[in-house]
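Novice: Model the structure of this input:
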Amino acid sequence: MKIVILSDTHGDNRVIDRVIEKEAPFDHLIHCGDAEVSLDKYAAEDNPYRFHAVRGNCDYGGLPDILNERILFYNVLITHGHRENVRYGVHDLLEIGLRNRADIILFGHTHVPEFGEEGGILYINPGSLTYPRGERREKTYAVLTLTEDYDRDVVIRVLAE
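Specialist: Reported below is the predicted structural model:
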């Protein structure tokens, strides 16, 4: 199962469209907040993927702050991360993940791509497709592949100009 994870697109749906074109086909498209514009077209029922999105600190209305989704046999927690203080590390995020029995946590907010595993929880921040920060300063997103054999593979990908 292929899952495309985005965050912090800040008003530029063109970058989302470019990622969709580059990564198709895939099973799930997940936006971890700070879209700042409507994402309705990605939630259309005739799309060949399932769409999930949460509200970031720059978004207003319409989206939940946090989602718990069952994908394959994993409990996936999706949040933006600003309420979990991710600028200061993943400790608060992992605490919320434990309380929600998450296997995987997806988040954004920092604009810096990262992933790791702690306490049996895989966490992934895809970075930003519009305003990258950190050492790389590249427009990034993540692709998570899950298999029936419990394999989990994370790749941070760069969206070329």
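Novice: alpha carbons only for contacts and neighbour counts from here, please
Specialist: OK.
Novice: Show me which helix runs longest in the chain.
Specialist: helix 13-23 (DSSP state H).
Novice: check contacts around residue 77.
Specialist: By CA atoms under 8 Å, 6 or more residues apart in numbering, the residues touching residue 77 are 66, 67, 68, 69, 97, 100, 102, 103, 104, 105, 106.
Novice: What strand or helix carries it?
Specialist: strand 74-79 (DSSP states H and E).
Novice: Which stretches in the chain count as helices?
Specialist: Going by DSSP H, the chain shows helices at 13-23, 91-99.
Novice: if we compare those, which one ends up closest to residue 122?
Specialist: helix 91-99 (9.3 Å; CA to CA).
Novice: So what's the gap between the closest one and the chain middle?
Specialist: Computed by CA atoms, centre = their mean, to the nearest Å, the chain-centroid distance of helix 91-99 equals 16 Å.
Novice: Which positions within it qualify as buried?
Specialist: 93, 94, 97 (16 or more other CA atoms under 10 Å).
Novice: Now do it: everything it contacts.
Specialist: 77, 81, 84, 85, 86, 103, 104, 105, 118, 121.
Novice: hang on, the earlier thing: with distance to residue 31 and pLDDT added, can I get the buried residues of helix 91-99 in TSV?
Specialist: What follows is these, written out as TSV (distance: CA to CA, whole Å; pLDDT from 0 to 100):
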residue	distance to residue 31	pLDDT
93	17	95
94	19	96
97	18	96
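Novice: Tell me how far the closest residue to residue 113 other than its chain neighbours lies from residue 112.
Specialist: Take residue 113 and drop its neighbours on the chain: the residue closest to it by CA to CA, 6 or more residues apart in numbering is residue 127, 3.9 Å away. In this view, residue 127 and residue 112 are 4 Å apart by CA to CA, to the nearest Å.
Novice: Need the overlap of contacts for the two.
Specialist: residue 133.
Novice: Those two: which has the busier surroundings?
Specialist: Taking neighbours as other CA atoms under 10 Å, residue 127 and residue 112 compare with residue 127 leading, 33 against 22.
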